[in-house]
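*Asks:* just to be clear, the model below is a prediction. Sequence and coordinates:
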Amino acid sequence: MNSRLSTELQNEGLKIRIGPFSVSVQSQLKTVLLGMEQLYRDYPSLDAQDFIDFHVAIKAPGGLRRWYHPQALFYFDGRQPFKPLPYSQAFAFFEWGLNWCFAQHSNQYLIFHAAVIARDNKAVILPAPPGSGKSTLCAGLIHRGWRLLSDELCMINPQTGLIHPVPRPVSLKNQSIDIIRNYDAAAEIGPIAHDTAKGTVAHLKVPHEMITLQEQTAMPTWVVLPKYVPEAAATLIDMDKGDMFMEVALNAFNYSVLGATAYDMTADLMDRCHCYRFSYSRLDDAVKVFDQLFEGKV
Amino acid sequence: MQTPLLVDCLLHPKERVPSLSLNQWDLLIRQARQARLMARLSLVCRENGVWDAVPEQSKAHLLSADTVAAKQRQTVDWEVHALSKALSRIDVPLVLLKGSAYHIAGLDAGRQRVFNDVDILVPRELISKVELTLRNYGWITGIMDSYDQRYYRKWMHELPPLRHITRKSSLDVHHSILPDTARFHPDPKRLLADAVCLDAQRNIYALSPLDRIIHSATHLFHEGEFENALRDLFDLKYLLDEFSGRDAQFWQKLTARAATLDLSLPTFYALHYCRQVLDSQIPQDTLDALRGASGVGLRKSAMDFLYRRVLRPDHQSCDDGFSGFARWCLFVRSHYMRMPLHLLVPHLFRKAMQPDSKG
C-alpha cells in the first residue's frame, strides 16, 4: 500500500471530512490501512491548515504484546478512553471509537441512536435496539434508491429541526455480512473482525454519491421501528406516538444532557412524523414497502 | 517553559483570541477539552467581546461544552436540593465544599465550571448518623472490598465515595479536609464554626471565603492526580480575584487564617503559582509572610520545577521531557504528605499486588 491515503495515515494523519466533522486518523496497523483504503477513499480530504474536530489514532502496544495476544489501542487526542481490544478487531475498534467521539462531544445536536435514510431529502429515522436488523435493512435500502445519512447517529439540529448526515460505513454482523454481499454485487465490504463482543463484524462502504451529498440535510418525515422476524411478511403498522417518543428518547445519546430542549425537540419530531412498527424477513419485500411509504401509498 | 495557548487565551482574550489561526484554534480546543476548561473558554470569549472572532468549527465545540455545563448546573442544583432535604431530617446543616459551593454561592469561580461530584463537610461525631440518613435517601457506597472500606474509615478524612442508587451521582462526605495521618492538622471544628450561610431556608452553608481559598489550596497541593490541576488553579485565581476586592484587610486575614489552620504551606503554594502561572496580582509581603510561616525553605526551587509542569493543560502539546517524571514525583509526594511511611509502604505494597485499583 503506497497510496497517498496510506502514506498520510502512517505519518501526520489522514485528514478527511465526514458529514459536519473533520477528522484526523493516524495508524500504521495493516488492517486499519486496508479498511481505510477500502472504505474511506471517497471522503473529501482536508489540508494541514484546517481545523480538526477529532484527532484519533489506532496503535499497537509495544513490548511482549507484539507477539503475545497482540492488541489494538484507540487514542482520542493522546488519551485512551477504552481498554485495548484484540489486534484482529483494530478496524472495528476505529469505527466504534470514532462513533463514541462524535456521540460524546457533539451536544450542539440532539443525537438519537438510529439509522437514517432519505429520498428527496425526506428522511426515515430507524431507531432500534441491537439485533433488530436495523443495519441490515439500512444496508439493503441504500442499494435500492435510498440515501444513507447515518447507520448509527441521527443528529438533529435544534435550530432547524433538520437531520445532518454523517455517512459512515454500515456495521454488519454475523449472517448479515453474506446477506448484503449477495444482495448487491456493488456492495463493498471491509475487513472482517471475528469474535468481537457483537460476534463477527464487518463494515459496508458508503456509496460514493452519498458521500458527495453529505452536507445535504434532510427533513424528518417518518419514524419506523424495524424488527426482523424470521419468515414474516413485510408489514407496516401504525405506532402510537407516545410509545415512539419513549423508544427514541431512551435510545438517545444525549437526551438528558440537552434536557428540556431534547424533550421539546422529540415532541416536535413526533408531531411532524408518521410513526410505524415494521416487521420483515426478506429485504426485497422490505424495499417494496419503503417504496410505497415514500410514494404515500401506505 | 512556554505559556500554554489555553492559559494565554483565558488570561488575555481580547489580545489573543481574534488573531488565532485555524491551526491554533485546533490546539486551543484540544487543550481546553483536556483541561476541562472549554465551557469557561466559551464564557471568556463571550464576555470579552471576541465571540464573533471564533470560527464556526470551534464554536460548535464551545456550544457543546455550554450545553454540558448547563446540564451540570441543573444536576448540582438538584443534588443540593435532595441533600438539604435529607439532612434536614436530622437537623444537620448542609456544608458544601469546592465546586458546588462556588456555584450555589454565585461566585465567578462557579460559572461554567465542570463538576465531578458534590463534596460536603459534616461534624465527625455525626458521620455515622449522616451516612445512615443518606443511605435511606438512596446514597450508598459503591462496590468496594473490605480492605478499601476499612482503609477509608480508619485513615481517610471522608467516607468511601457514595453514589446515588437511581441518579448515579457521586457524593463525597468529609469530616475533615485532610486525613488524620497527614503532616498538617487543620481542625475541622474551626472550619465549621466559621461556615457562612448561603440559604437559610434550606440550611445550606459554605466555608467562609478565606477557608474556601485555603481548602481549595490544600486540596490542590495534596492531590496526586493532575488532570484537573490547571482548572483547580483557575478556581483559586477567580476566588482570590473576587474576595480580595471585597475586603481591604483580605491578604492579612488570609495569612493569619492559614497559620491558625496549620495550612500556610499549601496557601503559600497556591498564591505563588497563581502569580507565577496565571499572572495573579498578589502582594509581595503576603507571599513573604506565608513563605516565612510555611518553612518552605530550599524546597521551593524543586517544587517550581515539578509544579510548573503539572499546572498546565494535561495535553501532549504542553508536556516536555520531564512532565511524566514531575507527575510521578508529585504523586509520590501527595501520598507521603497524607500518610507517614510506616502506613504508606504497606498500603502501596498491597495496592501494587492488586491490579486495577487505585490507592
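*Replies:* Noted; the coordinates are in hand.
*Asks:* give me the contact list for the helix or strand of chain A with the lowest mean pLDDT.
*Replies:* In chain A, the helix or strand scored least confidently by mean pLDDT, DSSP states H and E is strand A:193-196, which has a mean of 84. Here strand A:193-196 makes contact (Cβ atoms under 8 Å, 6 or more residues apart in numbering or on different chains) with A:85-86, A:88-92, A:200-202. To be clear about C-beta, it is placed using only N, CA and C from the backbone, and glycine gets the same treatment.
*Asks:* among the residues you listed, name the buried ones.
*Replies:* Among the contacts of strand A:193-196, those classed as buried by 16 or more other Cβ atoms under 10 Å in any protein chain shown are A:85, A:88-92, A:200-202.
*Asks:* in strands only, show me those residues.
*Replies:* A:85, A:200-202 (DSSP state E).
*Asks:* and which of the residues you listed is nearest to A:Gly161?
*Replies:* Nearest to A:Gly161 out of those is A:Val201 (Cβ to Cβ; 33.1 Å).
*Asks:* show the contacting residues for that closest one.
*Replies:* A:89, A:92, A:171-173, A:192-193.
*Asks:* tell me what it is bridged to.
*Replies:* Under DSSP bridges, the beta-bridge partners of A:Val201 are A:Lys173, A:Ala193.
*Asks:* distance check, it against A:Phe74.
*Replies:* For A:Val201, the distance to A:Phe74 (Cβ to Cβ, to the nearest Å) stands at 15 Å.
*Asks:* before we move on, what about B:Ala193?
*Replies:* Distance from B:Ala193 to A:Phe74, by Cβ to Cβ: 51 Å.
*Asks:* neighbour count: these two, which is higher?
*Replies:* A:Phe74 (24 against 10; other Cβ atoms under 10 Å in any protein chain shown).
*Asks:* nearest residue to the residue of the stretch 251-359 of chain B found nearest chain A other than its sequence neighbours?
*Replies:* Per Cβ to the nearest Cβ, B:Gln316 is where the stretch 251-359 of chain B lies closest to chain A, at 4.3 Å. In space, and not counting its chain neighbours, B:Gln316 is closest to A:Gly78: 4.3 Å by Cβ to Cβ, 6 or more residues apart in numbering or on different chains.
*Asks:* what is the neighbour count of B:Leu240?
*Replies:* Neighbours around B:Leu240, by other Cβ under 10 Å: 25.
*Asks:* sorry, wrong one. I was asking about B:Ala70.
*Replies:* Quick note: B:Ala70 (other Cβ under 10 Å) scores 18 neighbours.
*Asks:* for it, what are its contacts?
*Replies:* Taking Cβ under 8 Å, 6+ apart, we find B:Ala70 in contact with A:Gly259.
*Asks:* so of the ones in strands among the buried ones among the contacts of strand A:193-196, which two are at opposite extremes in space?
*Replies:* Pairwise distances across these peak at 15.4 Å for A:Leu85 and A:Ala202 (criterion: Cβ to Cβ).
*Asks:* so how far is stretch A:193-203 from its chain's centroid?
*Replies:* 15 Å (Cα atoms, centre = their mean, to the nearest Å).
*Asks:* please apply the same query to stretch A:42-52.
*Replies:* 21 Å.
*Asks:* ends of it, how far apart?
*Replies:* 18 Å (Cα to Cα, to the nearest Å).
*Asks:* quick check: buried residues in that stretch?
*Replies:* For stretch A:42-52, by 16+ other Cβ under 10 Å, it's A:42-43, A:46, A:50-52.
*Asks:* can you check stretch B:149-165 too?
*Replies:* Quick answer for stretch B:149-165 (16+ other Cβ under 10 Å): B:151-152, B:156-160, B:162-164.
*Asks:* now stretch A:174-184
*Replies:* Counting neighbours by 16+ other Cβ under 10 Å, stretch A:174-184 gives A:176-177, A:179-180, A:183-184 as buried.
*Asks:* then that stretch to PDB, C-alphas only?
*Replies:* Provided in PDB are the C-alpha atoms of stretch A:174-184 (Å, rounded to 0.1, in the frame of the first residue of the first chain):
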ATOM      1  CA  ASN A 174     -22.800 -12.300  11.500                       C
ATOM      2  CA  GLN A 175     -25.200 -13.600   8.700                       C
ATOM      3  CA  SER A 176     -25.900 -10.000   7.600                       C
ATOM      4  CA  ILE A 177     -22.500  -9.800   6.000                       C
ATOM      5  CA  ASP A 178     -23.300 -12.500   3.500                       C
ATOM      6  CA  ILE A 179     -26.800 -11.400   3.000                       C
ATOM      7  CA  ILE A 180     -25.700  -8.000   1.900                       C
ATOM      8  CA  ARG A 181     -22.800  -9.300  -0.100                       C
ATOM      9  CA  ASN A 182     -25.200 -11.500  -2.100                       C
ATOM     10  CA  TYR A 183     -27.900  -8.800  -2.200                       C
ATOM     11  CA  ASP A 184     -25.900  -6.400  -4.400                       C
END
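*Asks:* many thanks, we can stop here.
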